[in-house]
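S.K.: what follows is a predicted structure for the sequence shown.
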Amino acid sequence: MSQDPNSNYGPDAQHPYGSDPQNPYNAPPPSNAYEYFGPTPTPSDPYNSGNAGPSATPPDASPYPPASPYPPDVSPYPPISPYPPMYSGPNQPGYGYPPPSQSFGYAPQTASPLPLAQALRELPQQYLRILTKPAAQTIAQELGKAKWNIVWVQIIGYAIVASLITILNININPAFNFSTLPTSPNNPIDPAVLQNFFLTYAYSEIIWLPIGLFISVGIYYLLAKAFHGTGTFLQQMYGTLLVSIPIGVVSLLLALIPFVGSFASLGLNIYNIVLQIFMLMAVHKFRGGRASLVYFIPIIVVALLACIFSSIIISMIINSAHY
């Protein structure tokens, strides 16, 4: 018997494939499709999915671990800088900055006092270095050798040499040849008296030169201390001698040359001012401006006193001329 093609493939239009298939497991058909995978999740239990089963627990609300009830560790050491320090040294802090310095770039004194014989042998080299390398650092490197025995030897030796050169200059320089001066009743000055006066001055340099040196260095030392200088009197005396002795001896020797020697001595005196300012910078750790102020204050005071004294003398002469 052939099947009608329009009969929906079965005698029953509601069941075109025949009767319902039998349940092979003898279980009632599921009323909920989720029962195949577990119980249906409820709004109160959104995490109880079918795979986890009824005993599933929700995860923590925060993805981060719970905070510790103890305070965090506080390190007693400063944080380490990611940048290397600019300068290396046992006491250098990090962070790329050197510690503040009060020496204004002068290296610490590494020299130490020498035995007298060795100090005398090294004196010419010290004089040459200071004359050819004018700088505060050059003088600062020599201050560690300061000692009173070498100071006194330099003072006495300089006084003797200066006295001998002055005597020689008086005897050979035509400017001190007073024998050619005309003598008359209107000119009561005796040339021999003038010659003896200058010779006496030359011999007395052995005495007054050390005294004047101590007075001058003492005045500058007190002024430097008033401006918060850090050096000692011995260092200032030693530094002054290292500058003054070679300049002074060369100036006296140049004075033996007529006319030219006078201009050369003037240039050396200006150079001596520069070296003396460097000496104050090296001894007292001054900057250039403060050292220059300390050096020129006595000169300005002396110049003002000279002007006042000259004005008084001139006024007295003018007043006496009116009478």
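M.R.: Yes, it's here. Numbers count the residues shown, from 1 in each chain.
S.K.: which intervals of this protein have sub-threshold pLDDT?
M.R.: 1-110, 174-191, 321-323 (pLDDT under 70).
S.K.: give me that answer again for 80
M.R.: 1-111, 173-198, 258-262, 319-323 (pLDDT under 80).
S.K.: quick one: the helices in it?
M.R.: Counting by DSSP state H, one finds helices in the chain at the ranges 116-132, 136-140, 148-172, 191-226, 233-254, 260-284, 288-322.
S.K.: redo the ones you listed as TSV? Include mean neighbour count.
M.R.: (C-beta placed from N, C-alpha, C; glycine too.) Putting the helices of the chain into TSV (neighbours: other CB atoms under 10 Å) gives the following:
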stretch	mean neighbour count
helix 116-132	14
helix 136-140	21
helix 148-172	16
helix 191-226	14
helix 233-254	21
helix 260-284	18
helix 288-322	12
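S.K.: residues touching Lys145, list them.
M.R.: With contact taken as CB atoms under 8 Å, 6 or more residues apart in numbering, Lys145 is in contact with 111-114, 119, 122, 126, 238.
S.K.: cool, and Ala282?
M.R.: 106, 136-137, 139-140, 143, 239.
S.K.: so which of those comes closest to Val260?
M.R.: Ile139 (29.6 Å; CB to CB).
S.K.: who are the neighbours in contact with the closest one?
M.R.: 130, 239, 242-243, 275, 278-279, 282-283.
S.K.: which of the contacts of Ala282 sits closest to Ile308?
M.R.: Gly239 (32.4 Å).
S.K.: how about that closest one, nearest residue that isn't a chain neighbour?
M.R.: Spatially, and ignoring its direct neighbours in sequence, Gly239 is nearest to Met279 (4.3 Å; CB to CB, 6 or more residues apart in numbering).
S.K.: for the one you found, give its distance to Ile172.
M.R.: 33 Å (CB to CB, to the nearest Å).
S.K.: repeat for Leu234
M.R.: 38 Å.
S.K.: again with Ile317
M.R.: Ile317 is 37 Å from Ile172, by CB to CB.
S.K.: ditto for Leu252
M.R.: 13 Å.
S.K.: same check, this time on Leu123
M.R.: In terms of CB to CB, Leu123 sits 28 Å off from Ile172.
S.K.: also Ile206?
M.R.: Taken as CB to CB, the span from Ile206 to Ile172 is 20 Å.
S.K.: how about Trp152?
M.R.: Taking CB to CB, one finds Trp152 at 31 Å from Ile172.
S.K.: can you check Thr200 too?
M.R.: 18 Å.
S.K.: same check on Glu142?
M.R.: Taking CB to CB, one finds Glu142 at 35 Å from Ile172.
S.K.: what of Met281?
M.R.: When distance is defined by CB to CB, Met281 is 39 Å away from Ile172.
S.K.: which ones are touching the nearest residue to Asn149 once chain neighbours are set aside?
M.R.: The spatially closest residue to Asn149, leaving aside those adjacent along the chain, is Leu116, at 5.2 Å (CB to CB, 6+ apart). Taking CB under 8 Å, 6+ apart, we find Leu116 in contact with 149-150, 153.
S.K.: let's have those residues in TSV, adding distance to Leu266.
M.R.: Converted to TSV, the contacts of Leu116 look like this (distance: CB to CB, whole Å):
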residue	distance to Leu266
Asn149	34
Ile150	30
Val153	30
